[in-house]
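A.B. asks: Generate coordinates for the sequence data below:
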Amino acid sequence: MEITEHIASLSEEGRLLAAAAEQAGPGASVPTCPGWQIRHLLRHTGMVHRWAAELITEGHTTPHPDGGEPDLDGTALLDWFREGHGHLVRSLEAAPADLECWTFLPAPSPLAFWSRRQSHETTVHRADAESALGGPLSPVDTDRAVDGIDELLTGFHARPKSRVRSSTPRTLRVRAVDTDAVWTVRISEEPPQAVAGIRRGPRDGRRGLRVERNGGGPLPHPLEPPAAHRRHPARRPLGGPALDGPLGGHLVSPRGTGTGERPDRTTEQCRTRDGGTLAGSVPPL
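C.D. replies: Numbers count the residues shown, from 1 in each chain. Model prediction:
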């Protein structure tokens, strides 16, 4: 995806997030974030937006602390969120192509990194806000969904802090079955190594994400990921008994200090094809 596409996505997802939060009300529970209410979601996401905008506008080239969450509520909190979101969008739009600032994942440029990261971050939290309404979630288009999966597999899980490990080397093939996207993930005692590729051969006509282990067979539960019309950011796109520990995490926004994360939140869920859920205790990445 292009930088301009990520910025446009960030702009729209923030607008949808604010609209859902306003409709739900600050005290509404957020089912996808156990223990959180809409007020907590707005404070958290707004803090992340301001933190990212400061890195971009001030050109910090080393890690910089965030400004903390505000003691605001109600209309004042919603206005604060919208102001910070708008500032982030404008900061990215105005940033030069040769922007220099700190990043924490490989990327073609800092501008490309922050546009992509904040687009996915905000998409996930928009889905969180909409979950408080109890209705259907706004769709995530295929290109963004595939890009989010790629960021997780080739970016977040490639970091030394990833806890996805196996004492016996294993290989997973991850396929977005309604696209040509495929990833080969090699798991060992070192951080996972994922390589993106293009599938050869006909598609199977289904929508979803298929995870196959090195034995060639699929994992027990086909998962419903965020790609195409019915999809939304999944909380646990991978997992299964083929691993020594759970392979999972937040598809587009793993949680951890300074990146929009909550280290204490470990229960992750996603929908299966039959409408149920898979859940498990997933350590922070």
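
A.B. asks: Where does residue 186 fall, secondary structure wise?
C.D. replies: strand 181-187 (DSSP states H and E).

A.B. asks: Which elements pack onto that strand?
C.D. replies: Applying 3 or more CB pairs under 8 Å, 6 or more residues apart in numbering; DSSP states H and E, one finds that strand 181-187 contacts helix 142-150, strand 170-176, strand 193-198. All C-beta atoms are positioned from the backbone trio N, CA, C, and that covers glycine.

A.B. asks: so which of these is the most packed in?
C.D. replies: When these are scored by mean count of other CB atoms under 10 Å, the highest mean neighbour count falls to helix 142-150 (a mean of 22).

A.B. asks: so where do the strands sit in this structure?
C.D. replies: Ranges of strands in the chain, per DSSP state E, are 170-176, 181-187, 193-198, 209-212, 267-271, 277-281.

A.B. asks: Show the low-confidence segments of the stretch 101-250 of the chain, by residue range.
C.D. replies: 199-250 (pLDDT under 70).

A.B. asks: buried sites along the strand holding residue 186?
C.D. replies: Across strand 181-187, burial judged by 16 or more other CB atoms under 10 Å covers 181, 182, 183, 185, 187.

A.B. asks: Repeat that for stretch 125-145.
C.D. replies: By neighbour count with 16+ other CB under 10 Å, stretch 125-145 contains the buried residues 125-132, 137, 140, 142, 144-145.

A.B. asks: could I get the helices and strands packed on strand 181-187 as JSON lines with distance to residue 18?
C.D. replies: Compiled in JSON lines, the helices and strands packed on strand 181-187 are given as follows (distance: least, CB to CB, whole Å):
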{"stretch": "helix 142-150", "distance to residue 18": "19"}
{"stretch": "strand 170-176", "distance to residue 18": "29"}
{"stretch": "strand 193-198", "distance to residue 18": "33"}
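
A.B. asks: For residue 12, find the nearest of those.
C.D. replies: In terms of CB to CB, the element of these nearest to residue 12 is helix 142-150, at 10.6 Å.

A.B. asks: Mind giving me the packing neighbours of the closest one?
C.D. replies: Using 3+ CB pairs under 8 Å, 6+ apart: helix 142-150 touches helix 110-131, strand 170-176, strand 181-187.

A.B. asks: Adding distance to residue 88, write these out as TSV.
C.D. replies: Converted to TSV, those look like this (distance: least, CB to CB, whole Å):
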stretch	distance to residue 88
helix 110-131	6
strand 170-176	28
strand 181-187	28
